[in-house]
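In: Please work out how this folds:
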Amino acid sequence: MSLIVLTGASGSGKTTIADAVAERYPGAFTLHRFDSIGVPAMDVMIREHGSPEAWQRDKTTEWMARLASVAGGGRPVLFEGQMRIAFIREAAAAADIADYKLILVDCDDATRTERLTAGRGQPELANKDMMSWAAYLRGEAVEHGCEIFDTSRLSLDQCVGHVLEHLHK
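Out: Numbers count the residues shown, from 1 in each chain. Down below sits the predicted model:
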């Protein structure tokens, strides 16, 4: 299976990279987005799953099971979203997916703030919680030996090239 998973905090560049790859190479791979399932309100996550973290774990597990069923189609699969690395690894094992590449797309806090405020017009996301989430994911990536792809000083072309290298392996 050729499965590339891009995860990271808001503003890291994962969606921008996935969009650019899809636009530049239509039909070369299958793109799936975690958020395409919809993200319910916090109270719904708590009521139906016990906590936002449990919701994310459950949905990551559902996604990986779904990806396991489409991965045999011959085309590489690119999956992007904000998911804990531990949840991805756990879900991949549960779905019997051993052959995948997990990449934490990351950037420094100043770049993240600029992207979220000027680039996306969502300054409310450029807060201490988002920076802590990004730091948490960085720590998880180090703990699990995952690639940390720092997009802070890279052009979009460089980022696309990096992901394409993995999609073509």
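In: hey, where'd the strands end up in this protein?
Out: Secondary structure of the chain (DSSP state E): strands located at 3-7, 30-33, 77-81, 100-106, 147-150.
In: so how far is Ala41 from the most far-flung residue of the chain relative to its centre?
Out: Most distant from the centre of the chain: Arg47, at 25.1 Å, with distances by C-alpha atoms, centre = their mean. In this view, Arg47 and Ala41 are 9 Å apart by C-beta to C-beta, to the nearest Å. From N, CA and C alone the C-beta is placed, and that goes for glycine too.
In: Let me see the confidence value for the residue farthest from the centre of the chain.
Out: Per-residue pLDDT puts Arg47 at 95.
In: same thing with the one 3 residues further on?
Out: Gly50 is assigned 96 on the pLDDT scale.
In: Around it, how many other residues sit close by?
Out: 12 (other C-beta atoms under 10 Å).
In: Need the phi and psi values for it.
Out: Torsion angles at Gly50 (phi, psi; degrees, to the nearest 10) stand at phi 100, psi -30.
In: Tell me who's in contact with it.
Out: If you count contacts by C-beta atoms under 8 Å, 6 or more residues apart in numbering, Gly50 has none.
In: Select, out of the strands of the chain, the one closest to Tyr136.
Out: strand 100-106 (10.8 Å; C-beta to C-beta).
In: Name every sheet partner of the closest one and say whether each one runs parallel or antiparallel.
Out: strand 3-7 (parallel), strand 147-150 (parallel) (DSSP bridges).
In: Show which residues not belonging to it make contact with it.
Out: Contacts of strand 100-106 (C-beta under 8 Å, 6+ apart): 1, 3-9, 12-14, 17, 85, 88-89, 92, 134, 137-138, 140-141, 144, 146-152, 163, 166, 169.
In: could you dump that strand to PDB, C-alpha only?
Out: C-alpha atoms of strand 100-106 as PDB (Å, rounded to 0.1, in the frame of the first residue of the first chain):
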ATOM      1  CA  TYR A 100       2.500   3.700   5.300                       C
ATOM      2  CA  LYS A 101       4.500   6.900   5.800                       C
ATOM      3  CA  LEU A 102       3.500   9.200   8.600                       C
ATOM      4  CA  ILE A 103       4.700  12.800   8.300                       C
ATOM      5  CA  LEU A 104       4.200  15.600  10.800                       C
ATOM      6  CA  VAL A 105       3.900  18.800   8.900                       C
ATOM      7  CA  ASP A 106       5.200  21.500  11.200                       C
END
